[in-house]
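Undergrad: next comes the sequence, and after it the predicted model I'd like to discuss.
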Amino acid sequence: RRRLIGQKLNWISAFAMFDTNGDGVLTPEALTNALTTMHLGLSEGEISELAAGLSSETGQITLDAFGAYLRDIPPEVHQYETWARQVMAPAGKRLREALFAKDPERLGTLEPGGFQSTLQ
């Protein structure tokens with residue numbers, strides 16, 4: 001769940017991309033495909049558990065059930081997310097600026113030595 005929250009995605013749009021007929025319902029297989037395609041770092045077991053937990057009696061996963069699952073996040077998870085954002089944002093900004101300085105042509109790549117020296 002924390003990994004899902006950590007991803008700043010528009011979940012309705014993400015869900016809709018895999019809702020091929022637009023009925024607001026996914027099969028467990030479609031949800032598995034969606035979560036795998038989004039590269040969230042979830043294991044097969046975590047994805048299977050999530051799909052099983054969200055499946056209705058018919059075996060389908062509704063957008064409402066998925067949204068409710070994401071809304072029902074314990075307060076401590078929100079606290080950790082806020083803390084991480086406050087602590088990591090300044091360091092992330094400095095790292096981004098340092099990496100951009102090493103890549104003046106904006107190619108999006110660095111030699112290993114340039115990357116290592118930026119991290120030091």
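TA: Happy to help now that I have it. Residues are numbered from 1 along each chain as shown.
Undergrad: so where do the helices sit in this protein?
TA: Along the chain, counting by DSSP state H, helices occupy 2-6, 11-18, 28-37, 44-54, 63-71, 75-102, 112-119.
Undergrad: looking at those, which is buried most?
TA: Among the helices of the chain, ranked by average contacts under mean count of other Cβ atoms under 10 Å, first place goes to helix 28-37 (a mean of 16). Quick note: C-beta positions are derived from backbone N, CA and C, even for glycine.
Undergrad: any chance of CSV for the helices of the chain, columns mean pLDDT?
TA: Shown next, in CSV, are the helices of the chain (pLDDT from 0 to 100):
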stretch, mean pLDDT
helix 2-6, 55
helix 11-18, 76
helix 28-37, 86
helix 44-54, 87
helix 63-71, 78
helix 75-102, 77
helix 112-119, 82
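Undergrad: what sits against Arg115?
TA: One thing to correct before we go on: residue 115 is Phe, not Arg. 99, 102 (Cβ atoms under 8 Å, 6 or more residues apart in numbering).
Undergrad: repeat the analysis, applying 6 Å as the threshold.
TA: Phe115 makes no contacts at all, as judged by Cβ atoms under 6 Å, 6 or more residues apart in numbering.
Undergrad: and it, how far from Lys102?
TA: 8 Å (Cβ to Cβ, to the nearest Å).
Undergrad: cool, and Arg94?
TA: Look at Arg94 and Lys102: by Cβ to Cβ, they are 13 Å apart.
Undergrad: and Ala68, by the same measure?
TA: Going from Ala68 to Lys102 by Cβ to Cβ gives 45 Å.
Undergrad: with adjacent residues omitted, what lies nearest to Glu69?
TA: Careful, residue 69 is Tyr; it's not Glu. Of all residues beyond its chain neighbours, the one nearest Tyr69 is Leu54 (6.0 Å), with distances taken as Cβ to Cβ, 6 or more residues apart in numbering.
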